[in-house]
Every structure is written in structure tokens, then in C-alpha cells.
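**Student:** Got a sequence here, can you model it:
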Amino acid sequence: MAQRPINDNIYLDHGATTPVRSEVIEAMLPYWTTSYGNPSSVHRFGQVAGDALLRARETIAELLNARPEEIIFTGCGSESDNLAIRGVMWEARRSGCGNHLITSSIEHKAVLETALQLRDFANFDLTILPVDNFGRVTINDIEAAIRPDTVLVSIMAANNEIGTLQSIDEIGALLREKGVIFHTDAIQAVASNNWDMRQMPIDLMSLAPHKFYGPKGIGILFSRSDLNLVPSLTGGSQENGRRAGTENVAFAIGAAEALRLTMAERNELTDHYQKLTSLIIKGILDAFPDDCILTGHPVDRLPNNASFAFRHLSGNDLLLHLDIEGISVSSGSACLSGDPKPSIVLEAIGLSDNWTRGGLRITVGKQNSERDIDYLLRILPSIVERLRQLSIQFS
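**Tutor:** Numbering: from 1, shown residues only. You can find the predicted model right below:
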């Protein structure tokens, strides 16, 4: 049996969440202790909090080359997706501008289930596009699906399970030409791209700071200043009337600091991630040449994502046995881990039933090393062999 590394446990599930950086915690601390005012209050405590909230908004806007008023703080990435989709579609209905929404079959549930709810409970028209075997939506399918009453297209920048990058610049250019609003869920992709919202043909973009070493419990929605959104959460005038509720000043500060650090270190981190995922992909495919495949695009994928499907194995069994050996990974989206159903993403890319329960997602982070990967590659074959023997025994 391979010896477990000195640090005891190896975390390889950064696609689910990341540890909060010490610099981010330090930046947030004053807004829990001394500068704890409500940013809507008019007294000095409120003014200090309000100024801090504005600085956080301005920092994020500067990093994205956006305007401060285009940055909306929400409670999480899923809420940002919800607000973008519901906000645009309800505004379209209110103004009589259209009734049709387009998305893809491999979107995060925060997008897919919101779109389905709008269809099933509010009689909006919905088109769900297929993807190719790499998990990509084709530009031809998008163009063919556009109708005179199409309001919004929501296509994620990168898939949370298999890591495939979509051609969002090309998609956005088409939609800009057609006069259709474009939303992208960039929650997994924010750390792997240089975002220039003045130049990129994107109208709305969702972010989640806990994916880039910031705090959980806050989301960011970029929304172009010329868009009107009907708020999903009502009861206050915060966020320029687009999202009610007392703002989480500490988390907004943390989100801004995490994004600043991520953008400053993007090239260095990308190189580090790609070095580790290259070792993982080669090592696993060499170890299992017949019963394991790489999922997602082989090149155009998130730099920190290595995703696989194992034939005739349960991804959840794999992750549980790896966890026993001190390695934390995922069988797919963190929102679906523990669900014994086949992966809808693996089904969408055309895999048969023999493969769709055997998803394994490994997402590396800044603290991981080659030693971590070496231990993973040494321990995984024995786990797979053990699971295969158990499968034969109980079949």
C-alpha cells in the first residue's frame, strides 16, 4: 500500500469549493468586529460600511473592466444565475418583448431548473440544446434555435463536471448580431480567463467567490447597465432595487480581495494547474487504457480540471474509497455527489449506461503538489481493482 503523504489528507475537489485565503480573511475581519454597521444606515457606522461596500464593488468592476453599477452582490452563484434568468424573462414579459429562452442540456441545475420552472409554471417557451461528445454547444444549433421572440440565451463558460470551455465569444457575437441577450455562468471559469466586459459580447455573467479562494455565502452578477431585471428577492431597495436584503459587507470585501489576487496570479496558477492535471490525465489513462476515458474536451478545458468516466464502476464508490485513503475528489458536480443516478452530463455527451455512473472529477488547487498527484496515481489502481472484485463477487 502506498504511504499517505505527511500532510495526511489531499484535497482535490477545488471545483466544489476552495479554502479561503489568509489575505481574504484578514481583509474581511474588520467588518465583523469594528466596522459592523448596516451599509444602509445614515450614521457613521453605516457610512463606513457603505464606503467599504462601494470600494468592493468598484474593485470588482475595475478587475472586470465594468462599471460599478453593473456589479450586483447576491447570496451565492446559484442566486446570481436565478436572478439573471428570471430577471430578464420577467422583464421581457412585462414589456412584451418576447417569451422564448434557450439553454443547453449540460448547464448547472441553477440554470436548468430555473429555466424548467419558468416553462412549467409561467408558460415561457424553452429550448434545451444538445451538446457534442466533448460537451460543446454548436454555434449552428444556437442560430437555428433563435426565433423572433427569443429573449435570452444562457450558456455556461465552462462545464462544472467535465471542464469543457464553450466558445462564448463566438456565441456572444452571434447573439449581439441577432439582438438576443446573452447570459453566461462563469462560476468555474473566472480564474482561467481575462474578463473585459467592455469588449466581450456578454450581457450577464454569474460568479461565485468561493470557487476562487473567497468566502461562501456571496455571489456576483454582472449585468449591463442598460438591462432591466425584475428582482427575485423583494423587500428592500438594496443593489439599486435589483436584490433586496442587507448586504454582506465582509463577504463583499472578501470577494473583491479574492478576485484581485486571482487575477494577479492567473498566469502563474494556470501553469501550476496544467502541470498537475497533465500528470493526472496521463497517469490515469495509462493505468486504465480500456476501462477509463477522459471526459470533456482534450484541450479546450479548465486548466485545473481532470475528469474521467470508468466503465462498470460507480463514481461514488470510487470517491468514498479514495476518501478512506485520504484523497478528496468528486464524482461530478458537488451539487450532485451522493446521487446514484447516471450523470446527465455524461449522458448528454453520448456515453452509454456502462459509463454514466462512473464519473470522477479531480480538480487541483494552488496548494497541491506533484507529491499529491503521485500518491493519487499510486493508490487509485488498487482501489479500482478492489471495486471490480466486489462487483464480480456480488453480481
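
**Student:** Of all the helix elements in this protein, which one is longest?
**Tutor:** Identified as the longest helix of the chain according to DSSP state H is helix 370-394.

**Student:** Show me what that helix is packed up against.
**Tutor:** strand 10-11, helix 266-287, helix 315-324, strand 327-328 (3 or more C-beta pairs under 8 Å, 6 or more residues apart in numbering; DSSP states H and E). Backbone N, C-alpha and C define where each C-beta goes, glycine included.

**Student:** got the contact list for it?
**Tutor:** For helix 370-394, contacts defined as C-beta atoms under 8 Å, 6 or more residues apart in numbering pick out 1-5, 10, 12, 275-276, 279-280, 283-284, 287-288, 310, 312-314, 317-318, 321-322, 325, 327, 362, 364.

**Student:** can you rerun that using 6 Å?
**Tutor:** 2, 5, 10, 276, 279-280, 283, 287, 313, 317, 321, 325, 327 (C-beta atoms under 6 Å, 6 or more residues apart in numbering).

**Student:** From the residues you listed, list the buried ones, please.
**Tutor:** Neighbour-count burial (16 or more other C-beta atoms under 10 Å) applied to these gives 5, 10, 276, 279-280, 283, 313, 317, 321, 325, 327.

**Student:** what's the closest non-adjacent residue to residue 276?
**Tutor:** Counting by C-beta to C-beta, 6 or more residues apart in numbering, residue 276 lies nearest to residue 364, which is 4.6 Å off, once chain neighbours are set aside.

**Student:** try residue 31
**Tutor:** Once flanking residues are discounted, residue 31 sits nearest to residue 250: 3.8 Å by C-beta to C-beta, 6+ apart.

**Student:** can I get the contacts of helix 370-394 in CSV with distance to residue 354?
**Tutor:** Listed next are the contacts of helix 370-394 as CSV, based on distance: C-beta to C-beta, whole Å:
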residue, distance to residue 354
2, 29
5, 33
10, 29
276, 29
279, 27
280, 23
283, 23
287, 19
313, 9
317, 15
321, 20
325, 25
327, 25
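
**Student:** Which stretches in the stretch 51-200 of the chain count as helices?
**Tutor:** For the stretch 51-200 of the chain, helices defined by DSSP state H, counting those that start in this stretch occupy the ranges 77-95, 109-122, 139-145, 168-178.

**Student:** list the buried ones in the first one?
**Tutor:** Meaning helix 77-95. 77-93.

**Student:** other SSEs contacting that helix?
**Tutor:** The helices and strands touching helix 77-95, judged by 3 or more C-beta pairs under 6 Å, 6 or more residues apart in numbering; DSSP states H and E, are helix 109-122, strand 150-154, strand 181-185, strand 204-207, strand 219-223.

**Student:** Of all those, which one comes closest to residue 300?
**Tutor:** strand 181-185 (15.3 Å; C-beta to C-beta).

**Student:** Which single one of the buried ones among the contacts of helix 370-394 is nearest to residue 36?
**Tutor:** Minimum distance to residue 36 across the buried ones among the contacts of helix 370-394 is 37.3 Å, recorded for residue 10 (C-beta to C-beta).

**Student:** The closest one contacts residue 327, doesn't it?
**Tutor:** Yes. Using C-beta atoms under 6 Å, residue 10 is in contact with residue 327, at 4.9 Å.

**Student:** Check the spacing between the residue lying closest to residue 11 once chain neighbours are set aside and residue 146 real quick.
**Tutor:** Once flanking residues are discounted, residue 11 sits nearest to residue 328: 4.9 Å by C-beta to C-beta, 6+ apart. Relative to residue 146, residue 328 is positioned 42 Å away (C-beta to C-beta, to the nearest Å).

**Student:** same deal with residue 190?
**Tutor:** 27 Å.

**Student:** and if you look at residue 355?
**Tutor:** 33 Å.

**Student:** Who has more neighbours out of the two?
**Tutor:** residue 355 (25 against 17; other C-beta atoms under 10 Å).

**Student:** which SS state does the nearest residue to that one once chain neighbours are set aside fall under?
**Tutor:** In space, and not counting its chain neighbours, residue 355 is closest to residue 309: 4.4 Å by C-beta to C-beta, 6+ apart. Following DSSP: H, G, I helix; E, B strand; the rest coil, residue 309 is assigned to strand.

**Student:** Number of residues surrounding residue 309?
**Tutor:** 25.

**Student:** For it, list the residues it contacts.
**Tutor:** So residue 309 contacts 293, 295, 346, 351, 355, 358-359 (C-beta under 6 Å, 6+ apart).
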